[in-house]
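Trainee: Next input, structure requested:
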Amino acid sequence: MTNIRKVTVFGGTGFLGRRVVKHLLDHGFAVRVASRHPERGAQVFFNTSSALEFVRADVGDDGSVMTALAGAFGVVNTVSLYVERGIKTFRSVHVEAAARVAKHSRALGVQRLARVSGIGADARSPSAYIRSRGEGESSVRAAFPAATIIRPAVMFGPDDAFLTPLMKMLQMFPVFPMFGRGQTALQPSYVEDVSEAIVRAFDAPEAEMVYELGGPRIYSYEELLRTVCAHLGVRRILIPVPFGVWQGLAFVAEMMPASPVTRNQVELMAVDNVASSTHPGFPALGIDPRGIEIMLAPARQNG
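Mentor: From the prediction side, this is the model:
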């Protein structure tokens, strides 16, 4: 048992992180879940294996990061931020904290580091969110040159913040507002496939520097909405709404405790979210990605 490789997962109780933990365990890794609220681990994981442990860690604190990294073979950093509040800014989380994890990982002899970013990350973007993603990739690579960058397309899965809300709203409202004219291209990726891809990259003799993980089909946003409606068996009127209007609505919404839409979501929906042909994706890791139908079929049966 002493030869089992241990992987520390920062953000291991989140939407993607907890799936990464499960897939790591399934592949025979020991997992240390690093979270600001480790007590929530018992609510998220039903696995009582001795290969699973929880530690309190804040990616903004050097000491707790180093404690979480001690003795780790690998690290997966899934921590991200969607709404800036106080000292938690896109830069502090996506750039500075990501670099901190990478720096200490290298200093402590970690062999594999995967940083989850996103398709479209661009250090030159006028969007603070998208720009911080691009700058974060550079900061990680500077601190840990052998790091693997994982760029998923917009992810879906049970309790996601993308497809699940769309399905609920399309079931409820006969008239539905679209982002812009609904022409943004999207290639949704299943969160379980993304998690498996991350773990397989850890098992690869030599992981690629960047993976872009897009699902099996590219939709325009309008096509995606109509596909969801067809699977749900509903007819809806789709109304184009300019992105400028969405920005104003999101600004107000972000003042709410649980914002239904954020400005960075609006910014992301203004640019295509499709995997490029210049980086390997799911096929390079032996994965046949699943489409949104995996969620839509059960929804129709329960509708």
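
Trainee: Okay, buried residues for stretch 75-90 please.
Mentor: Within stretch 75-90, the residues that count as buried by 16 or more other Cβ atoms under 10 Å are Val75, Val76, Asn77, Thr78, Val79, Ser80, Leu81, Val83, Glu84, Phe90. (C-beta placed from N, C-alpha, C; glycine too.)

Trainee: start to end distance for stretch 249-268?
Mentor: Taking Cα to Cα, to the nearest Å, the first and last residues of stretch 249-268 lie 15 Å apart.

Trainee: same deal with stretch 211-225?
Mentor: When the termini of stretch 211-225 are compared using Cα to Cα, they are 27 Å apart.

Trainee: Same check on stretch 138-156?
Mentor: Terminal-residue distance, stretch 138-156 (Cα to Cα): 27 Å.

Trainee: now swap in stretch 24-32 and tell me
Mentor: Criterion Cα to Cα; first-to-last residue distance in stretch 24-32 is 10 Å.

Trainee: contacts for that stretch?
Mentor: 4-9, 12, 21, 47, 49, 51-55, 68, 72-74, 76, 199, 202-203 (Cβ atoms under 8 Å, 6 or more residues apart in numbering).

Trainee: Inside helices: which ones of these?
Mentor: Taking DSSP state H as the definition of helices, those contribute Val21, Ala68, Val199, Phe202, Asp203.

Trainee: All the helices of this protein, residue numbers only.
Mentor: Applying DSSP H to the chain gives helices spanning 17-26, 41-44, 62-69, 90, 98-107, 128-143, 163-172, 191-203, 221-232, 243-253, 263-269, 293-302.

Trainee: Who are the packing partners of the shortest one?
Mentor: Which is helix 90. Counting contacts by 3 or more Cβ pairs under 8 Å, 6 or more residues apart in numbering; DSSP states H and E, helix 90 packs against helix 128-143.

Trainee: now the helix it packs on, how far from the centre of its chain.
Mentor: On the basis of Cα atoms, centre = their mean, to the nearest Å, helix 128-143 sits 15 Å off its chain's mean C-alpha point.

Trainee: So which of the helices of the chain is nearest Ser117?
Mentor: Smallest distance to Ser117 across the helices of the chain (Cβ to Cβ): 5.3 Å, for helix 128-143.

Trainee: For the closest one, list every residue counted as buried.
Mentor: 128-137, 139-141, 143.

Trainee: Columns distance to Glu267 on top of the residues you listed, output as JSON lines?
Mentor: Listed next are those as JSON lines, based on distance: Cβ to Cβ, whole Å:
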{"residue": "Ala128", "distance to Glu267": "9"}
{"residue": "Tyr129", "distance to Glu267": "6"}
{"residue": "Ile130", "distance to Glu267": "6"}
{"residue": "Arg131", "distance to Glu267": "10"}
{"residue": "Ser132", "distance to Glu267": "12"}
{"residue": "Arg133", "distance to Glu267": "11"}
{"residue": "Gly134", "distance to Glu267": "13"}
{"residue": "Glu135", "distance to Glu267": "15"}
{"residue": "Gly136", "distance to Glu267": "16"}
{"residue": "Glu137", "distance to Glu267": "18"}
{"residue": "Ser139", "distance to Glu267": "21"}
{"residue": "Val140", "distance to Glu267": "22"}
{"residue": "Arg141", "distance to Glu267": "24"}
{"residue": "Ala143", "distance to Glu267": "27"}
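
Trainee: circling back to that earlier point, Serialize the buried residues of stretch 75-90 to CSV and add fields for distance to Gly17.
Mentor: Output for those, formatted as CSV (distance: Cβ to Cβ, whole Å):
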residue, distance to Gly17
Val75, 12
Val76, 8
Asn77, 9
Thr78, 4
Val79, 8
Ser80, 10
Leu81, 14
Val83, 18
Glu84, 21
Phe90, 19
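
Trainee: Just the ones of those in strands?
Mentor: By the criterion of DSSP state E, membership of the buried residues of stretch 75-90 in strands covers Val75, Val76, Asn77.

Trainee: Closest to Phe282 out of these?
Mentor: Val76 (17.4 Å).

Trainee: Touching, that closest one and Ile198? I think so.
Mentor: Yes - counting by Cβ atoms under 8 Å, Val76 does reach Ile198; the two are 6.1 Å apart.

Trainee: so what's the residue lying closest to Trp246 once chain neighbours are set aside up against?
Mentor: Leaving aside its chain neighbours, Trp246 sits nearest to Val266 (4.5 Å; criterion: Cβ to Cβ, 6 or more residues apart in numbering). Val266 makes contact with Phe179, Phe243, Trp246, Gln247, Ala250 under the criterion Cβ under 8 Å, 6+ apart.

Trainee: In PyMOL, how would I select the buried members of those residues?
Mentor: Buried subset of the contacts of Val266, written as a PyMOL selection, criterion 16+ other Cβ under 10 Å:
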select buried, resi 179+246+250
